[in-house]
Every structure is written in structure tokens, then in C-alpha cells.
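**Student:** Attaching a predicted model along with its sequence, questions to come.
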Amino acid sequence: MAENGPDGFLGNLRFHVLFFLYIICCMLSDEQIISTRICPEPNTGCWIWLGNLRPDGYGRVWRKGNILAHRFVFEYCRGPIPFGLTIDHLCRNHWCVNPIHLEAVSVRTNIQRGGRSRQTHCVHGHEFTPGNTYIEYRKDGIHRACRFCHNNHAKIRYHRRRARP
């Protein structure tokens with residue numbers, strides 16, 4: 001009787017299916033991948049990515065590893081992305097891969113254009129000024145943070161640790 005564990009029948013089946021899909025993806029040209037996974041939306045001009053989507057809404061494609069779909073299409077249509085720059089969706093739709101709606105910008109510019117950029121104060125009421133704001137790189141993305149709040153939290157943590165026996 002076949003086992004259904006990771007090394008049993010189902011584990012081997014999963015491996016073979018994934019390997020088969022990988023081989024198919026490697027055989028498709030970039031043009032075939034783009035033409036079969038894009039649907040133009042006539043009202044906004046966005047090109048909707050019909051392929052695999054990440055939980056945050058960005059499309060992804062397998063090309064020598066997972067690549068974000070908008071970066072893949074941008075590089076195919078416009079050439080390599082300059083070092084130190086990221087791709088900004090001018091239309092604000094994560095699933096859009098229209099190269100006209102994409103622009104290579106710095107991380108700071110991308111954050112400033114984002115939805116939270118309209119926020120003028122932190123949750124504790126401190127104003128976001130150039131001297132009081134810094135960019136925080138976390139697992140869930142890039143965020144603007146209040147330097148005053150960060151320093152206060154650091155002081156609290158320091159004093160809590162010193163108070164421990």
C-alpha cells in the first residue's frame with residue numbers, strides 16, 4: 001500500500017507535477033508567457049496579469065526563479081531596470097503590467113507616491129518631517145517611520161531590560 005506522506009506516493013506525484021510545470025515554463029518563450037497571461041482592460045488602459053498572483057496582489061512568473069510580473073514585462077519591453085531603482089505602478093494597480101503604467105524610480109519616490117504618503121503625522125501625532133522620518137525595511141515591505149516614536153520605544157525597551165533582575 002502506498003504511503004501518502006511526503007516521501008510516499010503523493011509526495012512523488014507532487015514532485016513530478018511541479019517538475020513537469022517547470023519544464024513547460026522553461027520551454028515557453030518570454031513572448032508566449034506575456035501574450036498568454038495578459039488581458040488589456042479598455043477603460044483604464046491597464047494590462048491585467050492573468051497568471052499567478054501573490055497574496056499582496058502582485059503578479060509573478062517563474063523565470064530562473066520567481067520574478068514579479070511587472071518587473072518581467074518592464075524588462076522585456078524597456079530593457080534592464082537600473083541598479084538601485086524599483087518599479088512604480090503609476091496607475092496604482094498591483095496586477096497591472098502595462099509598461100506605459102510602470103516607471104523605474106527610487107524607493108523613496110515610490111513610497112512618497114504610495115497611499116500612505118498622504119499621511120502627514122504618525123499614529124502618535126508627530127509630524128513627518130525630513131528630520132523626523134526614516135525609511136524602515138521590513139519583511140512585509142518598506143515603510144516610513146517616525147524617528148521620535150522609534151527613539152521613545154528604544155528607551156522604554158532599554159529601561160525594561162535594565163530593570164530585570
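**Tutor:** Okay, I see it.
**Student:** Flag the helix or strand of the protein with the lowest per-element mean pLDDT.
**Tutor:** Ranked by mean pLDDT, DSSP states H and E, the helix or strand of the chain with the weakest confidence is helix 9-27, at a mean of 60.
**Student:** who does the helix or strand following that helix touch, helix- and strand-wise?
**Tutor:** Proceeding N to C from helix 9-27, the next assigned helix or strand is helix 30-36, under DSSP states H and E. Counting contacts by 3 or more CB pairs under 8 Å, 6 or more residues apart in numbering; DSSP states H and E, helix 30-36 is packed against helix 69-78. Glycine gets a C-beta too; all of them are placed from N, C-alpha and C.
**Student:** Would you mark the buried spots in the helix it packs on?
**Tutor:** 69-75 (16 or more other CB atoms under 10 Å).
**Student:** Any chance of a markdown table for those residues, columns distance to Asn52 and pLDDT?
**Tutor:** What follows is those, written out as a markdown table (distance: CB to CB, whole Å; pLDDT from 0 to 100):
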| residue | distance to Asn52 | pLDDT |
| --- | --- | --- |
| Ala69 | 8 | 88 |
| His70 | 13 | 89 |
| Arg71 | 14 | 89 |
| Phe72 | 12 | 88 |
| Val73 | 14 | 89 |
| Phe74 | 18 | 90 |
| Glu75 | 18 | 89 |
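**Student:** from those, which single one is nearest His121?
**Tutor:** His70 (31.2 Å; CB to CB).
**Student:** mind pulling up the phi and psi values for the residue minimising distance to the centre of the chain?
**Tutor:** Geometric centre of the chain, nearest residue: Tyr58, 6.2 Å, by CA atoms, centre = their mean. Main-chain torsions, Tyr58, degrees, to the nearest 10: phi -80, psi 140.
**Student:** thinking it is in contact with His70, fair?
**Tutor:** Yes - when contacts are counted by CB atoms under 8 Å, Tyr58 is listed as touching His70 (7.0 Å).
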